[in-house]
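**Q** I would like the atomic coordinates for the input below:
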Amino acid sequence: MPLDETERRALLARLRADVASARFTVGEVEELLGPVASAALHREQSVPALRATEAAADGAEALTTLLRTFVLGAVTTVGELDGALPTLGSGGAQALGLVTTAGADRGDLARAVVDLRPYAAVDAHGTTDTWLASDLGELATGGALRPDHVLGVGGASVTLAGATIRAPRRRTLDLGTGCGVQALHASRHSDAVVATDVSRRALHFAATNLELAGVGDRVALREGSMLEPVVGERFDLVVSNPPFVITPRRDDVPLYEYRDGGRSGDDLVRDLVTGLGDVLAPGGVAQLLGNWEHRRGEAWDERVGSWLDASGLDGWVVEREVLDPAEYAETWLRDGGTTADRDPAAWARGYEAWLDDLASRDVEAVGFGLLVLRRPVDGVVTMRRLERHTGQVRQPLGTHLGRVLTAHDLLRTLDDDALAGLRLTVAADVTEERHLRPGASDPTLVLLRQGDGLGRTVQAGTALAGLVGACDGELTVGQLVGGIAALLDVRADELAAEVLPQVRDLVRDGLLLAPHA
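**A** Presented below is the predicted three-dimensional model:
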């Protein structure tokens, strides 16, 4: 008999107490497994972790049972499960749909039917330990995923969570919430959160996970596609890891709700970008991940730039990865659990379908990246940045992105004279790297390296390097330019014309900090 809401919440409270008592956290799991098995588990290899749990120390029985059962897919017994979940019990776990059992006796076998694992929610507000339930993955099932599979936390979810600007918000929308990861983070800095998904199964998992995190009452869950559930509403922040995968529209190619939006090519991401302005409040920010096609004869930034133009929003797009058609096909075939060794016919069929589909639109590559959109308060678009950055980034990235938006707003109000009047300081993460030939006193190359954010590297000439080195907040930029011009025996106005645009870029990208910026 189905549980009513009161019964379900009572059982989830017991589950939360039990997993907390068992110290079922990311840190404890990594300590139990050790670095080798932990690293293998991140690569979806379970054998080292299973071996490590077989040799677990006394006192870690509950943790070991939970890890083996709900993460590694091992069969356990009713008695072991009762020991690991003393207040919920195997009966409560079965009522919640977490496990199936062959009977109620202690020796009867029990098997997990969902993935339940610890999650360390890390963002600008700190770290909170909680737990996430989702469908069992390929690691546990050993087979391809079901079409309505609900994904747990993955690399894209972590990337978006870390990149989200965590300023206080009145209303936040998590579009395509999946198992609820982004809504969970948003609940920590938003007065109200609305989370939507086209999948009813996903919303069920999201409700479970938000309850386990203790924020179930702060998030409203709504079923529906894309922006349909929130027509006519306004939000200060929209976050979305939408179903952006470019999948062939063929009957013999399976579609997965968590990644496939049912549109041709990159139309879904385009329509989302151009439609988000309808739900953003003035000054509101939207952050999402997406794929876009690199088509023959059309630069990717021109293609995506046309979406920004149509949106009427400030836009900043950072392309993080580019895959050729073969790489793209292989990535998403494996993601769905199809491999060449397990099912050669399905692998070849899917591979051909992806290549045919991309070739039909002259797609030479597929880009992946982060989009930051903002509705201008005054309706005037001032930001249009499209760039490729495939190097390492420092998470959480959201703090850096927020500072860049603030710096952009400051700089648009400053002409060169006002910029020259600022007293700037060098950001704490910036280092200087000098390259000299053996025996030389002057460097042939000076690089300014940003350790935080996007980790930019800027080549600096003698004058710019000297100016940055002297930015300690005591003198204005104009005073520094004058002093350096005297040292180099050049005209101050000519030097200012050279370095002020560079200084503007350094402030914009966070290498130099302006007061109150």
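
**Q** so where's the stretch 401-517 of the chain uncertain?
**A** By pLDDT under 70, the weakly predicted segments of the stretch 401-517 of the chain are 516-517.

**Q** Strands of that one, residue ranges please.
**A** With DSSP state E, counting those that start in this stretch as the criterion, the stretch 401-517 of the chain has strands at 425-426, 430-435, 445-450, 457-460, 512-513.

**Q** what does the stretch 251-400 of the chain give?
**A** Using DSSP E, counting those that start in this stretch, strands in the stretch 251-400 of the chain cover 280-295, 314-323, 363-374, 384-388.

**Q** among these, which is nearest residue 429?
**A** Of all those, it is strand 314-323 that lies closest to residue 429, at 18.2 Å by CB to CB. Any C-beta I mention is one placed from the backbone N, CA and C, and that applies to glycine too.

**Q** which outside residues touch the closest one?
**A** Under the contact criterion CB atoms under 8 Å, 6 or more residues apart in numbering, strand 314-323 has outside partners 273, 294, 300-301, 304-305, 308, 331, 365-376, 381-390, 401, 404, 454.

**Q** before we move on, back to that, now the strands of the stretch 251-400 of the chain in JSON lines, with distance to residue 71?
**A** Shown next, in JSON lines, are these (distance: least, CB to CB, whole Å):
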{"stretch": "strand 280-295", "distance to residue 71": "25"}
{"stretch": "strand 314-323", "distance to residue 71": "28"}
{"stretch": "strand 363-374", "distance to residue 71": "27"}
{"stretch": "strand 384-388", "distance to residue 71": "36"}
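
**Q** buried set for stretch 493-512?
**A** Using 16 or more other CB atoms under 10 Å as the test for burial, stretch 493-512 gives 495-496, 499-500, 502-504, 506-512.

**Q** tell me, how many neighbours does the nearest residue to residue 368 once chain neighbours are set aside end up with?
**A** Take residue 368 and drop its neighbours on the chain: the residue closest to it by CB to CB, 6 or more residues apart in numbering is residue 321, 4.5 Å away. Using other CB atoms under 10 Å as the criterion, residue 321 is surrounded by 14 other residues.

**Q** Residue 390 too?
**A** 11.

**Q** so what pLDDT did it get?
**A** In this prediction, residue 390 carries a pLDDT score of 89.

**Q** measure it to residue 79 for me?
**A** The gap separating residue 390 from residue 79 is 51 Å, by CB to CB, to the nearest Å.

**Q** before we move on, what about residue 347?
**A** Here the criterion is CB to CB. By it, residue 347 lies 42 Å from residue 79.

**Q** Of those two, which one has the most company?
**A** Between residue 347 and residue 79, residue 347 has the larger neighbour count (other CB under 10 Å), namely 18 against 15.

**Q** Residue 92 versus residue 324, what's the distance?
**A** 50 Å.

**Q** same question but for residue 46, I mixed them up
**A** Taken as CB to CB, the span from residue 46 to residue 92 is 26 Å.

**Q** Also residue 99?
**A** Plainly put, residue 99 is 10 Å away from residue 92 if you go by CB to CB.

**Q** Of these two, give the one with the bigger neighbour count.
**A** residue 99 (23 against 20).

**Q** Return the residues in contact with the more buried one.
**A** Neighbour list for residue 99: 69, 81, 90, 93, 110, 111, 112, 113 [criterion: CB under 8 Å, 6+ apart].

**Q** Name the next helix or strand downstream of the least confident helix or strand in the chain by mean pLDDT, please.
**A** Here the helix or strand of the chain ranked lowest by mean pLDDT, DSSP states H and E is helix 138-141, holding a mean of 76. Sequence order places helix 155-163 as the next helix or strand after helix 138-141, per DSSP states H and E.

**Q** Return the set of buried residues in the least confident helix or strand of the chain.
**A** 138, 139, 140.

**Q** residues making contact with it?
**A** Helix 138-141 is contacted from outside by 44, 46, 71, 72, 73, 112, 115, 144, 145, 337, using CB under 8 Å, 6+ apart.

**Q** mind redoing it with 6 Å?
**A** Identification of contacts with helix 138-141 by CB atoms under 6 Å, 6 or more residues apart in numbering yields 44, 46, 73, 337.
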